[in-house]
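Visitor: Next input, structure requested:
(chains A and B)
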Amino acid sequence: MNHATGAMTAGGTERTQDAWRHVRYLFLAFLGLWIVFTVFPLYFMTITAFKSAAEANLTVPTFWPQEWQPRNFIGVFDERTNFNALVDSFVIASANTALSLFLGSLAGYAFARFPRQAGGENLAFWILSNRMFPPVAILVPMFFLFDNTPWGTDSHLSLIILYLVFNLPLATWLMMVFFRDAPVEIEEAAYLDGWTPLRAFFKVTLPLVIPGMISVAMLCWIFAWNEYLFANLFVGTAVRTYTIVIPTFTHGSQTLWNFQMAFSLLALIPPVTLFILLRRYMVRGLSLGVVKG
Amino acid sequence: MAHLEVEGICKGWEFPVIDELSFAVEEGEFFVVLGPSGIGKTTTLRLISGLETPDAGRILIGGTDQTRLPPYRRRIAMTFESYALYPHLSVYENIASPLRARRLPANERDKRVKDVAELLRIAHLLDRRPGEVSGGQKQRTALGRTLVADPEVFLLDEPISHLDAKIRHELRTQFHTLEDLRKVATVYVTHDYAEALSLGDRIGVMGTRGRLEQVGNPRDLFERPANLKVAEHLGQPTINVIPSRIRRDNNGLFLDSETGDLRLKLSGESEAALAGYSKDHVIAGLRPQYIRPIDEAADGMELLSAEVDVYEPLGTNGIMMANLGSMSLTALTDPEKHYETGQKVQIAVDVSGLHLFDADSQVRLTGIT
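Guide: Next comes the predicted model:
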């Protein structure tokens, strides 16, 4: 009796294991497809950046450059202002990120610690919801709004402020979550040690949310760095972001794909570098060893 | 004049938590607030420290009203149940925090931190982060942070409840020897009666809504509990609660349990307690150490037959749950003896250990004096 039952159970387990193996293969196949899907554009971008203009425009594309042409990477800077565009983007993205973090932290802290006084959960969510409508809906209104400022649309300042529309809600919401996770008792302990609320904030609360802050900074920075829609309408002669420069690589009616891809690759370097440098902080836990026991 | 005075403080959120709580702690006194979890002990400390503001009442420290003073202006040190150490700072910086807040010169700060660390035996851990030390060491760090501050009032919130038994005892004895704690007014909150009895100069037993059921020295509380709640809270295993009936006949006063299984002749002390008491019903409390299984009866000893329900051998003694008819009694036994479930035993009850409480108000009967 016992034997029979044992065998049956074992058989059942084997069958289940088989079923799981099939699911695993399916999953791996899906992952493989996904990798191709995400890596192929990068691959094609990279090889195109090294092709000659003629080869990049072939109707039947080549998947390996017939002739390597690394001087594309220098050629993109024949127009001197192209380098300035990268600088402009960098300045705008960094300034906007700093501002988003500063204001977002203050607001997030208020929502986390004094939800009632700060307007409550609904207000916090309303702020986040500002990120949910299609940006194009406010494209034209924003243009007229900033056109009426003393500095006009064609300025660093306008774009820095404009991108707050998208980055500040995100920063506020995420910082609120991070502050909420930072134990309030630690702040209270600091008060009892004799730290005033402001000093306690900088001494104990802020350090606890720094890993979270770095993640928020990355998100904000990358959004501002890559923004095209608004920049396209706003910029003129005083400021040009790199996203505006990419479509300008043409020769007559011919699109210079090789230049566009080379320039895009160069524009990829700052965010990727930042990510590699800060990756360590992004995964680090928020509160280390503060809980009981 | 008392150093810390709490005068009729009230605090509530959706419902009242603390209702008209008053007590005073002298300078150098170790006052223990004892009570079950969620009764308002921590809230009391938070009110004293200024982390919460009372809805009514006053808090005086050193004779001055500090009810509205923010916590960072009061000279109060408090340990949190969760320790609340700064995870990103070293043990040294955690302890140094109150001194840094006061901008003490570096050399003096350094000396005081090291002295305290030495005292608490964590001097070798000063460079570590709180996440890298054990629970007991975390608690010592939290304690160090409060000791170094040189405050006027110490508030200790369940400082050793979450540690394992051995370290708990070690730290408990250390509380006895920490001079700094013995110089100022200390309020120590715990749910562990043994901690309270061991440490308290005075103990306040807290009941619902922060009501102090009884305040007194440990001996008083244990030997003369003011009501059933206090009696139940102090002592492990818990006191036997026996709803009973008073019977008077020619031979004297008798106590019959409501179940009818236990009939005891009352001693002179109990008679005195019942003097002037007109009701028939009382609640009798009898600590397990006054109930013993016995092999041979001495003269005049009344023996009862019972059956062992559960027996727990605990090394230094044993705890026996015995059924006496339909009634269950807890008894403390000698460590040498062992009992089996279902075993028939003879039980002796020492009536001198009886506590009598009013059947309705559950207040201790002291008789008319």
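Visitor: In the stretch 201-350 of chain B, which residue sits nearest chain A?
Guide: Closest to chain A within the stretch 201-350 of chain B is residue B:210: 20.0 Å, counting by C-beta to the nearest C-beta. The way it works is simple: take the backbone N, C-alpha and C, and place the C-beta from them, glycine included.
Visitor: How many residues are close by that residue?
Guide: 23 (other C-beta atoms under 10 Å in any protein chain shown).
Visitor: correct me, but it touches residue B:23?
Guide: No: applying C-beta atoms under 8 Å, one finds residue B:210 not in contact with residue B:23, separated by 10.2 Å.
Visitor: Skipping its backbone neighbours, what lies nearest residue B:50 in space?
Guide: Leaving out its chain neighbours, the residue that sits closest to residue B:50 by C-beta to C-beta, 6 or more residues apart in numbering or on different chains is residue B:71, at 3.8 Å.
Visitor: The one you found reaches residue B:52, doesn't it?
Guide: No: using C-beta under 8 Å, residue B:71 is not in contact with residue B:52, being 9.5 Å away.
Visitor: With neighbour numbers in mind, choose between the two.
Guide: residue B:71 (25 against 19).
Visitor: In terms of pLDDT, where does the more buried one sit?
Guide: Looking at residue B:71, its pLDDT stands at 93.
Visitor: Check residue A:282 too.
Guide: Per the predicted model, pLDDT is 65 at residue A:282.
Visitor: do the same with the one 5 residues further on
Guide: In this prediction, residue A:287 carries a pLDDT score of 39.
Visitor: Kindly report the same for residue B:307.
Guide: 91.
Visitor: Could you do residue B:367 as well?
Guide: So, for residue B:367, pLDDT stands at 63.
Visitor: got the contact list for the one residue in the stretch 51-200 of chain A that gets nearest to chain B?
Guide: Here the stretch 51-200 of chain A gets closest to chain B at one residue, residue A:194, 3.5 Å apart by C-beta to the nearest C-beta. Taking C-beta atoms under 8 Å, 6 or more residues apart in numbering or on different chains, we find residue A:194 in contact with B:72, B:98, B:101, B:102, B:149.
Visitor: of the residues you listed, closest to residue A:172?
Guide: The closest of those to residue A:172 turns out to be residue B:72 (C-beta to C-beta; 27.4 Å).
Visitor: State the distance from that closest one to residue B:338.
Guide: Note on residue B:72: its distance to residue B:338, by C-beta to C-beta, to the nearest Å, is 59 Å.
Visitor: For these two, indicate the residue with more neighbours.
Guide: residue B:72 (18 against 11).
Visitor: Residue B:54 versus that one, what's the distance?
Guide: Separation of residue B:72 from residue B:54 (C-beta to C-beta): 18 Å.
Visitor: Residue A:17 too?
Guide: 64 Å.
Visitor: who's more crowded, these two?
Guide: Using other C-beta under 10 Å, the more surrounded residue of residue A:17 and residue B:54 is residue B:54, with 24 against 9.
Visitor: ok, back up a step: need the nearest residue in space to the residue of the stretch 51-200 of chain A closest to chain B, chain neighbours excluded.
Guide: residue B:101 (3.5 Å).
Visitor: what about that neighbour, how many residues close to it?
Guide: Look at residue B:101: counted by other C-beta under 10 Å, it has 20 neighbours.
Visitor: That one against residue A:199, yeah?
Guide: Yes: taking C-beta under 8 Å as the definition, residue B:101 is a contact partner of residue A:199 at 7.3 Å.
Visitor: where do the helices sit along chain B?
Guide: Remark: helices assigned in chain B by DSSP state H are B:41-49, B:91-101, B:106-119, B:135-147, B:165-177, B:179-183, B:193-199, B:218-223, B:228-233, B:268-274.
Visitor: so which of the ones you listed gets nearest residue A:143?
Guide: helix B:91-101 (50.7 Å).
Visitor: now what about the closest one, what contacts it?
Guide: So helix B:91-101 is contacted by A:190, A:193-195, A:199, A:203, B:72, B:77, B:85-86, B:89, B:108-109, B:112-113, B:116-117, B:122, B:125-130, B:133, B:137, B:141-142, B:144-145, B:148-149 (C-beta under 8 Å, 6+ apart).
Visitor: In that helix, which residues are buried?
Guide: Across helix B:91-101, burial judged by 16 or more other C-beta atoms under 10 Å in any protein chain shown covers B:91, B:92, B:93, B:94, B:95, B:96, B:97, B:98, B:99, B:100, B:101.
Visitor: Which pair in the residues you listed has the greatest spatial separation?
Guide: B:91 and B:101, at 17.1 Å, using C-beta to C-beta across the buried residues of helix B:91-101.
Visitor: Please read off the pLDDT at the nearest residue to residue B:214 once chain neighbours are set aside from the model.
Guide: Closest residue to residue B:214 apart from its sequence neighbours, by C-beta to C-beta, 6+ apart: residue B:226 at 3.9 Å. With respect to pLDDT, residue B:226 has a value of 92.
Visitor: residue contacts, residue B:226?
Guide: B:213, B:214, B:363, B:364 are the contacts of residue B:226 under C-beta under 8 Å, 6+ apart.
Visitor: how about those residues in JSON lines, adding neighbour count and pLDDT?
Guide: Formatted as JSON lines, the contacts of residue B:226 follow (neighbours: other C-beta atoms under 10 Å in any protein chain shown; pLDDT from 0 to 100):
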{"residue": "B:213", "neighbour count": "21", "pLDDT": "92"}
{"residue": "B:214", "neighbour count": "22", "pLDDT": "93"}
{"residue": "B:363", "neighbour count": "14", "pLDDT": "90"}
{"residue": "B:364", "neighbour count": "20", "pLDDT": "90"}
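Visitor: Kindly reformat those as JSON lines and extend each row with distance to residue A:139.
Guide: Formatted as JSON lines, those follow (distance: C-beta to C-beta, whole Å):
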{"residue": "B:213", "distance to residue A:139": "70"}
{"residue": "B:214", "distance to residue A:139": "73"}
{"residue": "B:363", "distance to residue A:139": "78"}
{"residue": "B:364", "distance to residue A:139": "80"}
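Visitor: And those, which is closest to residue B:334?
Guide: Nearest member of the contacts of residue B:226 to residue B:334, counting by C-beta to C-beta, is residue B:364, at 30.1 Å.
Visitor: Surely that closest one touches residue B:283?
Guide: No: contact between residue B:364 and residue B:283 fails when scored by C-beta under 8 Å: they sit 10.0 Å apart.
Visitor: any residues in contact with both of these two?
Guide: B:356, B:357, B:358.
Visitor: and the first one, bridged to which residues?
Guide: What that stands for is residue B:356. Note on residue B:356: beta-bridge partners residue B:284, judged by DSSP bridges.
Visitor: what's the spacing between it and residue B:267?
Guide: Where residue B:267 is concerned, residue B:356 sits at a distance of 11 Å (C-beta to C-beta).
Visitor: Compare these two and say which is more crowded by neighbours.
Guide: residue B:356 (22 against 16).
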